[in-house]
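Undergrad: Show me how the following folds:
(one chain, ligands or ions: 1)
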Amino acid sequence: MKPLDASNLGYMLDNGDQLFVVCNNGVCSHGAELIVPWLIDLLGRDHSSLAVDIIAGLKKHRKRLRCARCGNYDVGFQRIHAGYTGHRTED
Ligand SMILES: [Zn+2]
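TA: Below is the predicted model of the structure:
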């Protein structure tokens, strides 16, 4: 039985999840949305959506994530689940 795979880019796109990159430079802490379709173009739908795998995948394409504000290369990921808003939404 195939487990529900909640950790690839295609799932994120279908689910409407968002991925944010956050600068780890404490005084900066700039956050920017990493566009999931852009990642899929580059890495494919079946690529893992884990931060380490995305960074490794981008590296293969000679791309590196860098803070647009302070130029720092030390960035973290924050994944926002589409279904989680902290409150109920009416349909
Ligand atoms: Zn920064």
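Undergrad: Cys28 reaches Cys67, doesn't it?
TA: Yes - with contacts counted by CB atoms under 8 Å, Cys28 reaches Cys67, the gap being 6.2 Å. (C-beta placed from N, C-alpha, C; glycine too.)
Undergrad: Flag every residue of the chain that's near the ion.
TA: Within the chain, the residues that sit near the ion (CB under 5 Å from the ion) are 23, 25, 28, 30, 67, 69-70, 72.
Undergrad: Mind pulling up the pLDDT for Pro3?
TA: Pro3 carries a pLDDT score of 51 in this model.
Undergrad: ok, what's across the strand from Ser48?
TA: Residues in a beta bridge with Ser48, per DSSP bridges, are Asn8.
Undergrad: tell me the contacts of it?
TA: Residues in contact with Ser48 (CB atoms under 8 Å, 6 or more residues apart in numbering) are 7-9, 54, 57.
Undergrad: Please list only the buried members of these.
TA: Buried subset of these (neighbour count, 16 or more other CB atoms under 10 Å): 8-9, 54, 57.
Undergrad: Any chance of JSON lines for these, columns distance to Asp41 and pLDDT?
TA: Formatted as JSON lines, those follow (distance: CB to CB, whole Å; pLDDT from 0 to 100):
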{"residue": "Asn8", "distance to Asp41": "15", "pLDDT": "93"}
{"residue": "Leu9", "distance to Asp41": "10", "pLDDT": "95"}
{"residue": "Ile54", "distance to Asp41": "13", "pLDDT": "94"}
{"residue": "Gly57", "distance to Asp41": "12", "pLDDT": "96"}
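Undergrad: between those, which is closest to the ion?
TA: Nearest to the ion among the buried ones among the contacts of Ser48 is Ile54, at 18.3 Å by CB to the ion.
Undergrad: Look at the closest one and give its secondary structure.
TA: helix (DSSP: H, G, I helix; E, B strand; the rest coil).
Undergrad: how much space between it and Ile35?
TA: For Ile54, the distance to Ile35 equals 12 Å [CB to CB, to the nearest Å].
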